[in-house]
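> Requesting a structural model of the entry that follows:
(2 chains)
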Amino acid sequence: MKRRELTRRTVLKGLLGGAVATFALPPLECLMGTSGQAWADGTGLPVRFGLFFWGNGVLPKRWIPAGNGPEWEVSEQLAPLLELGVKDQVTVLTGMNMLLENINPHWSGAAGWLTGKPLIDTDDHDTFAGPTIDQMIAQKIGGSTRFRSLEVGIEAKRGQSFSAANTRNPIEKSPHGLYERVFGVGFTKPGDEVTVDPRVGLRRSVLDAVLGQANRLKADLGANDALRMEQHMESVRELELRLARMQENPPALDACVVPAAPTGVFVDEDAQIHLADTNRAMCDLLALTLACDQTRVFSNWFSDPVSNVQFPGGAAGYHQLTHEDPGEQEEVHKAAVQIVAQYGYLVKALKSVPEGDGTLLDRCAVLGTSDVSRGLNHGAENIPVLIAGSAGGRLKAGIHHASPTGANIHRVMLTLMRAMGIPQASVSQDEAFTTEGVSGIEV
Amino acid sequence: MRRVFWGAIWLSGLLVLGGCDAGDSGAGDAVAVADVVADVQPDLPPVSPREVELVAVSPTMQRLTRAQYTRAVHDVLGAHIVVPQTLEPDTTSEGSRAVGSGLATISPRGAEQYEAAAFQIASQALSADKRAALAGCAPAAAGARDDACARAALGPVVKRLWRRPVAATELDELVAISGTAADTLGDFWEGLQFGLATALQAPAFLFRIENGEADPEHPGQLRRTDWELASRLSFLLWDATPDDALLAAAEAGELTTSDGLEREAMRLMASPRLRDGLRAFAEDWLELHDIAEMQKDPTLFLHLSPELVAAAKEETLLGFEHMVLELDGDFRDLFTTRETFLDRTLAALYDVPAPGPEGMTLTTLPETSTRRGLLGQASFLALRSHPTSSSATLRGKFIRERFLCGEVPIPPVNLSTGLPPVTEDALTRRQRSEAHNSEPGCNGCHIMMDPMGLGLERFDGLGRMRWTENGAIIDPTGDVDDVPFADESGLAEVLAKAPELPGCFVQQVYRYAAGRLDGKAEAELLEALTRQFATDGFRVKALLVEIFMSPGFRRIGPPATAVEVSE
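Modelled structure (predicted):
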């Protein structure tokens, strides 16, 4: 533990930084369709956002594909996309640079890229300065589903989804847990009549009381603590909204198939995680969660920055390998390929669900990315960026978009937000501030 | 640049003069500390920590940890209750959950989990066989509201949950919720569950909130109220919510008096529940929280098992308890002792005979054993390693930061961090990292960590002793800030004598007690506490007494306002 002292400035800067975009706006009903409306022809189907994140980057040399635009060949590391039959649905962006200051290895990259703001304190990564991209989007489009967003993790310890500074969204690491949460108590199959439970209304009155208590207590708190209490209240309000949704009849959705509970062993007796099995089960559940319109925003934290995830047959943990695998880093390469395969599985799972006149994937944008380009030197130039799906035709899918001179990665953030129907004027700050997206992948 | 705590320098001088009993640890090595003292001649006023003039720090609201939440439910509503463990994860800051609790909010998922838990708990607390005892009354009619009985039932329970008196309007609201639910559901007891579930989701339960009150001894300033002191004392010493006796003392206004505070504190210290508090501190201090999720390659570490991992954590916690409670010894002995608690799995890892047929048994490692103290324990060695190998840097970093309170700068980005591969000339980790550290950009920081961590290289990534790496003999020598040692045993001895060690420990305990980082205004208090710690023979219990009798514990600043934000 360091000898650093607490200053109010540090704490407040973080909290205030996070408070700016904290509070959910009403959903863009016109774009998304309302929860009371069926989407018979598919034209009014909602768009969804997904994030698949892994720590420690890739080997850029073996990552960047040959060719540009729609004519491109998968690189060695992207080969699983072809093998899984999803190459034509995935757009690869290369030459994307994180332009905010890159001081703290891994964490400057993760925080800067995902939030558009530098770390509050460059020595510290316990919190990011504000909401991450999944939450920026969820705060705008998540309001009309039962869950504003869902966060899962495979090997990640904590995940890095923040609603605001110091409000990390905990990840669900068990497929059983995810199943229970989404399809267990409280779930009504779209098209079915909700069973009216008087307890739901009573629970809402309990939450009202909690909000009242919090509001009264807030008056006597210091500035930092008042913001924390407000964040708590925001969370309670969201829960109340969820209970309200449970009292409404969900519209029928052809794509919705209620899955069976996952079976299988995901963590063995030595507490080692079965990575591919867990990811597969999670992704299958996430796909049906979207198809049943239980949420429109998810994040899958395959691993955290600095993660030492070890793949079967790997010589060491991934982070250690990035620093110690000598020469051409063959072991790092093999691990990166396995990570791409996990992302590819997610894409395939979304593609396998028919929806409207296409597949669920057609209305998604699933960002696959990392904290650094190459783990060895923590570079923020050429951070891997994959986007699967066309967000309902707003994005070009299946192309390689290369920025030979290096482009601001936050343009990708802006493009993604706009693809979700959010009329966002700009994102990020300082060198990374931008009012322009990546026009080359926009339709 | 080595950062030396001047209180620590002073107390090292004290040792040289033989001014305190350093116990039998031999920790007061006059030669080593005299070198440090020779450079500095502090002119220190001998101020007791209880008398230090302090500009009190503004309050910080702490969210209950999972452990505190669980314990509070068990204490107040019954030990039979199965508390869901799918609660909002504890927040960590600077490696500490106690510090993190002072920053934590409640996420949307967390609110959902607290809500579900509240109803599960309320249902168990008011189950058919438990409700009469908890409520102390029976409704006039089981199928309808009975506000009088609801009030009688909730009043005392909520007071304990909220750790303070419940205002009439607050209780009215809970009674009204219970009544409406009872009428709606046609069942008094089900209705009462809603009132109780409200109390369990209340910010007054989930957060430890302090506002302070006017301090008659320091006009114009604030002190903690009796209720606030009760909570602070209880969470510090028991990691639990105040018991009835402590709340009664608060109600009687006794905790704002020195005698009353010390009396109640000594009562808590004398209780077996002090173990809970000590364990919670040790877990936080040594960052043992996530040990069960530690990822290790089972094909390389054949001793690895969930039993071993659990035992490794228990070894460390029991050792700390033993040192503080049974021995009431010099805390520096934690680093040098050969006494420890082992079960069969740990004994196998350490290659010593199993001390008992089952469970953890106190045993003494052989006099010849170079494995000693905290740095020889599997919990430390395995957690500060990689999944497939040891890590001199991770181990050295933890020692530097957690035990010596040194600041290791974050490594620069865009610097090649690769270690050279294993070659005939560089077989061991030391040889490989020496090549790496010969680069000037690396050496400046690694020298703060590696010379200590390399001394532990004969412990593999799980903590098993080994003598060679890739066929080459491992060299276990090193130094702690230029004080050399020959092997892991020597490292333990040198570290135990390091002048920064006691002051750093005081700082860790203080942060834990305060639930936040120490402020600049508290530097003098920490120095005084460190001097007193030395005078008291570096005994942890004595340190705890001084902390809760100090103005840092008893007084509080005004709530921070946004106006106070400045560069």
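> Surely A:Asp220 touches B:Asn211?
Yes. Under the criterion of CB atoms under 8 Å, A:Asp220 makes contact with B:Asn211 at 5.2 Å. In short, each C-beta sits where N, CA and C put it, glycine included.
> So for chain B, the centremost residue is which one?
B:Phe281 (2.6 Å; CA atoms, centre = their mean).
> secondary structure class for it?
Three-state call for B:Phe281 (DSSP: H, G, I helix; E, B strand; the rest coil): helix.
> how close does it get to B:Asp90?
Going from B:Phe281 to B:Asp90 by CB to CB, to the nearest Å gives 14 Å.
> Spell out the residue ranges of the strands in the stretch 201-350 of chain B.
For the stretch 201-350 of chain B, the strands defined by DSSP state E, counting those that start in this stretch cover B:207-208, B:213-214, B:222-223, B:339-342.
> Just put those strands in CSV and tack on mean neighbour count.
Conversion of the strands of the stretch 201-350 of chain B to CSV gives the following (neighbours: other CB atoms under 10 Å in any protein chain shown):
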stretch, mean neighbour count
strand B:207-208, 22
strand B:213-214, 12
strand B:222-223, 20
strand B:339-342, 22
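> quick one on the thing from earlier: shared neighbours of A:Asp220 and B:Asn211, anything?
Contact with both A:Asp220 and B:Asn211 is made by residues B:Pro559, according to CB atoms under 8 Å, 6 or more residues apart in numbering or on different chains.
> where in the chain is pLDDT low?
You didn't pick a chain, so chain A it is. A:1-43 (pLDDT under 70).
> Switch to chain B, please.
Applying pLDDT under 70 to chain B flags residues B:1-45, B:414-418, B:562-567.
> 80 instead, please
Low-confidence segments of chain B (pLDDT under 80): B:1-46, B:412-421, B:435-441, B:562-567.
> what about B:Ser58, neighbour count?
21 (other CB atoms under 10 Å in any protein chain shown).
> Oops, could you answer that again for B:Pro306 instead?
13.
> can you pull the contacts of it?
Residues counted as contacts of B:Pro306 (CB under 8 Å, 6+ apart) are A:269-271, B:292.
> Sort out for me which of those are in strands.
Residues of the contacts of B:Pro306 located in strands (DSSP state E): none.
> Surely the residue nearest to the centre of chain B and B:Val509 touch.
Yes. Using CB under 8 Å, B:Phe281 is in contact with B:Val509, at 7.0 Å.
> Okay, strands next: where are they in the stretch 101-250 of chain A?
In the stretch 101-250 of chain A, the segments counted as strands under DSSP E, counting those that start in this stretch are A:150-153, A:162-164, A:167-168.
> Residues in contact with the longest one: which ones?
To tie it back to what came earlier, the one meant is strand A:150-153. A:134, A:159, A:161, A:169-173, A:178, A:181-182, A:282, A:286, A:289, A:294-295, A:297-302, B:109.
> The shortest one too?
The list of residues contacting strand A:167-168 from outside it, by CB under 8 Å, 6+ apart, reads A:18, A:127, A:158-162, A:231, A:235, B:89, B:91, B:105-107.
> ok, of the contacts of B:Pro306, which come out buried?
A:Ala271 (16 or more other CB atoms under 10 Å in any protein chain shown).
> Now, the contacts of B:Pro306 that are in helices?
Residues of the contacts of B:Pro306 located in helices (DSSP state H): none.
> I'd like the contacts of B:Pro306 laid out as JSON lines, including distance to B:Ala486.
Below are these laid out as JSON lines (distance: CB to CB, whole Å):
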{"residue": "A:Glu269", "distance to B:Ala486": "40"}
{"residue": "A:Asp270", "distance to B:Ala486": "35"}
{"residue": "A:Ala271", "distance to B:Ala486": "36"}
{"residue": "B:Ala292", "distance to B:Ala486": "35"}
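> Specify which member of the contacts of B:Pro306 is nearest to B:Asp479.
Each of those was scored against B:Asp479 by CB to CB, and B:Ala292 proved nearest at 34.4 Å.
> Now for that closest one: which residues touch it?
Contacts of B:Ala292 (CB under 8 Å, 6+ apart): A:271, B:306, B:309-310, B:313.
> Phi, psi for the closest residue to chain B within the stretch 101-250 of chain A please.
Taking CB to the nearest CB, chain B has its nearest neighbour within the stretch 101-250 of chain A at A:Gly222, 3.5 Å off. When read as degrees, to the nearest 10, the backbone of A:Gly222 gives phi -70, psi 170.
> contacting residues for it?
A:Gly222 neighbours (CB under 8 Å, 6+ apart): B:58-59, B:558-561.
> and of the contacts of strand A:167-168, the nearest to A:Thr435?
A:Gly18 (22.5 Å).
> Could you pull out the strands in the stretch 451-567 of chain B for me?
B:468-469, B:472-473, B:478-480, B:483-485, B:555-556.
> among these, which is nearest B:Asp328?
Closest approach to B:Asp328 among those (CB to CB): strand B:478-480, 26.8 Å.
> strands paired with the closest one, and their directions?
Sheet pairing for strand B:478-480, assigned by DSSP bridges, gives strand B:483-485 (antiparallel).
> what comes into contact with the partner strand?
If you take CB under 8 Å, 6+ apart as the criterion, strand B:483-485 is touched by B:32, B:455, B:477-479, B:490-491, B:493-494, B:497-498.
> The residue of the stretch 301-450 of chain B found nearest chain A: neighbouring residues, count only.
Here the stretch 301-450 of chain B gets closest to chain A at one residue, B:Pro421, 3.5 Å apart by CB to the nearest CB. When neighbours are defined as other CB under 10 Å, B:Pro421 has 11 of them.
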